[in-house]
Each structure stands twice: as structure tokens, then as C-alpha cells.
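# my questions concern the predicted model and sequence given below.
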Amino acid sequence: MSDKKFPAIILTFDRNRILTEHMIYQYRRLWPDHPFRFRVPFQEHLGQESDDIEFVRTPSGIVDTITGLLDGISDEDWIYWCIDDKYPVEINLRPVRRVLKTVRQARDTRISGFLMCRRSRLEKRKNLTGKVLYRNRILYVERANYEMIWIHQFVRAKVIRHLVKDFPDQIERAKDMDRMKKEVTKPDGHRLFVTSSSLMSFGESSTRGQITKNCWESLLANGFEIPNWFDAPADRAIVMGAPVSRFRLPLILRRSYWRG
């Protein structure tokens, strides 16, 4: 099993650099030995590279940014998809490391994604196939579509390439991609899974162009200087997937479970 770092693809732009820095800070704090090398797009604002950060100059358009960040990565390669509109709040490291082991061991290229935050929308039958997968004492449920694709997760590069290949060149608002993703048919060979219980919780960084209340408070608590173009926080706090501490590793694999 290789210890090679995964390219962590961050969808962001220069003006939101503080949100990117905060997100990476949270990963370093909550997962000190994280397996990522964050790929940060930039147009003019080149930042400081480090062992776990590299900067990639890309055009300003959303789709061009994504394709630029994926340049040089093969379709079947695993990436960590992490838009800076989310940041980790809590990580249950013991089972998360089991998920990481499963990703590294995956040989079946049809197995193409692992999400570790299960929200209510991934409890609905229309968003699930009814099949499950069991690996390294973690139970996964198969997703039927791209619901929750914007939350941080392991995916093969082909998943993101296929998702955005027919998106328009110019997207006025990132929020518009929620509608666009529903119009994309997920190929049968792109099998996406979510853990049966949340192993990670995430805060939303912004809403309607404002920093969320929870992100604003986290920025201040961790010593970040908030740029003056963010006038005030939104009055909403948005956290998803909590609490992860309730998760327990399943001890028995029932015969009805599909091993995949």
C-alpha cells in the first residue's frame, strides 16, 4: 500500500484565499498526518508553497479552473476533491484512516468515490442504489447520483471530469452548479459510496457571498485577519455531518451485505 500523497483539488479563486488558508489550516490541525498535497488555483495572487501546498495558475472560469487543476492527472487516479466553501470541523481519525486504507487498496476502477459525511439527502432512496460495500470494517452505501458531490471526498479524477465536461464555459454563480449536476447522468462505471455514518463534519465557509457565522468565528479564534471586503458575517451558522463522535465501527458483517 503506497503512502503517496493525493492531489487535493481546491476549487477557489484569489479573492477567497483566506477561506482556502483556513480550510488547509483545519486539515493540518485535525488530521496532522493528512495524506494530501493541496493544489491551489491562482490568477494573480501566488502564495507560499510548502510540503503540502502547490499553486497552479489557471484561468478564472470555474470549469477552466477545474480542468487546469486536473492537468497531468490520469482519469483513474484518486484525488481528494475539496472546494473551499467547506472546511472540516471534526474528524473521527480512526475510521477515516480505514477509509484511506480502502482507497489505497482499491483495484476495481468501477469503485470511484468515497464520501465520509452522510447528510439527510443521502438517506433518501432516490439518491441511493440499495447496494452496500464492506471494506476494512467500514460499511458504505452506494450513491445513485451526484448528490453531495460538493462536500470533500475521495474520487477518481474521471468523476469530476465527467461531471463538468458539459458545464457552460461561463458560470455566473457557483450555486448554479447545484442545478447543473442534476442534469448529468452518472455512468454505471463511476460507483460512488458514502459511509453508513458520518466520520467527518464540515462547516460551510460562505453563503450568498458572506462568510458564515461559524466560519467567521473560527477565523477569529484561529488568528486569521479577515479582509476588509468581507464586511460582516452572515447571521447563519451552517455545519453538516455532526456529531461524528456517535459513529461506531460495525463488528459483524451480515450475510445480506454485498461485499462488492
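Cool, got the structure. Numbers count the residues shown, from 1 in each chain.
# what about Pro7, which SS state?
Look at Pro7: counting by DSSP: H, G, I helix; E, B strand; the rest coil, its state is strand.
# the chain should start at 322 in everything you say after this.
Happy to do that; since the first residue is 322 now, the last one works out to Pro328.
# report the beta-bridge partners for it.
Arg358 (DSSP bridges).
# from Tyr401, how far off is it?
Pro328 sits at a distance of 7 Å from Tyr401 (criterion: Cβ to Cβ, to the nearest Å). (Each C-beta comes from the backbone N, C-alpha and C, glycine too.)
# confirm that Thr430 sits in a strand.
No. Counting by three-state DSSP, Thr430 falls outside a strand, being coil.
# show me which residues of stretch 492-502 are buried.
Met498, Lys502 (16 or more other Cβ atoms under 10 Å).
# circling back: mutual contacts of Pro328 and Tyr401, please.
When contacts are counted by Cβ atoms under 8 Å, 6 or more residues apart in numbering, Pro328 and Tyr401 are jointly contacted by Phe357.
# residues touching Met501, list them.
Neighbouring residues of Met501 by Cβ under 8 Å, 6+ apart: Phe488, Ile492.
# name the SS class of it, please.
Three-state call for Met501 (three-state DSSP): helix.
# okay, it: pLDDT?
On the pLDDT scale, Met501 is placed at 94.
# again, but for Arg358
At Arg358, pLDDT is 97.
# same question for the one 4 residues further on.
At Pro362, the model reports a pLDDT of 95.
# same check, this time on Met322
Met322 is given a pLDDT of 42.
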